Every structure is written in structure tokens, then in C-alpha cells.
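Q: Fold the stuff below for me.
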Amino acid sequence: MDPQAAGSIGSFIPLILVFVIFYFLLIRPQQKERKRHQEMVKSLAKNDEVVTSGGIHGTIVNVKETSVVLRIDDNAKMEVDKYAISYMVKKRSGEEK
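A: Numbers count the residues shown, from 1 in each chain. Next up, the predicted model:
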């Protein structure tokens, strides 16, 4: 191997290291978070207390294929897309499935 070829390979090592650092600090954690959110969305059920991405707190009263109906007050219900649910505050109680 001639010295010029070894020098060009050596110049790619910092670029490869930067990619590896970006993968472990940015890409991998985002993939894990996306997977966790997808699992949470699949497990949504009636009586779960949730918060939407817009900050609306509510209790799920009906789960549809792509959306859920939230009770946000005594006489107020709202239908939102499942992926608009940011997180669950409290999992459903055991008395109803």
C-alpha cells in the first residue's frame, strides 16, 4: 500500500467518528423514543388518562382505529388522532376492560 492511499483512508476516520457519535447521541435515542410512543399508542384503552401534544388533559371514553374520544370535562368530549397523544398520565383502573 502506498503512503498516499494510506493518507486518504486516514482522512476519512474523523468523518466516520463524527457519524458514530451522531448515531449514538441523536439517531438511536430518537428511534427508541419513536418505538416507545408507538407501543404506547397501540396500548391505549378506555379510561386511560392522557395528555395530548397540545396539552389537553382527558380520559379516553372510546378507542377507534385511528383516533380516540376524550372526555375533557363533564359534558365535553373531543376526538383526537391517536398519534396526538403525547403520554399517559394514568393507566386504566382494573374494574373495566
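Q: Find the centremost residue of this structure, please.
A: Nearest to the geometric centre of the chain sits His37, at 3.0 Å (Cα atoms, centre = their mean).
Q: Pull the contacting residues for it.
A: Counting by Cβ atoms under 8 Å, 6 or more residues apart in numbering, His37 touches Tyr83. Heads up, the C-betas are built off the backbone N, CA and C, glycines and all.
Q: Please tell me I have it right and Ile72 contacts Gly55.
A: No. With contact defined as Cβ atoms under 8 Å, Ile72 does not count as touching Gly55 (11.3 Å).
Q: the more surrounded of those two?
A: Per other Cβ atoms under 10 Å, whichever of Ile72 and Gly55 has more neighbours is Ile72, with 14 against 7.
Q: neighbours of the closest residue in space to that one that isn't next to it in sequence, just the number please.
A: Of all residues not flanking Ile72 in the chain, Gly58 sits nearest, at 4.3 Å (Cβ to Cβ, 6 or more residues apart in numbering). By other Cβ under 10 Å, the residues close to Gly58 number 22.
Q: can you list contacts of the helix or strand that Gly58 is a member of?
A: Taking DSSP states H and E as the criterion, Gly58 maps to strand 57-63. Contact partners of strand 57-63, identified using Cβ under 8 Å, 6+ apart, comprise 44-52, 68-72, 77-78, 89.
Q: hmm, try it at 6 Å
A: 44, 46, 48-49, 51, 68-72 (Cβ atoms under 6 Å, 6 or more residues apart in numbering).
Q: Helix or strand next in line after it, which one?
A: Next element after strand 57-63 (DSSP H and E): strand 67-73.
Q: can you state the direction angle for that next one and strand 57-63?
A: 140 degrees (axes from the mean of the first three to the mean of the last three Cα atoms, to 10 degrees).
Q: Appreciated, that's everything.
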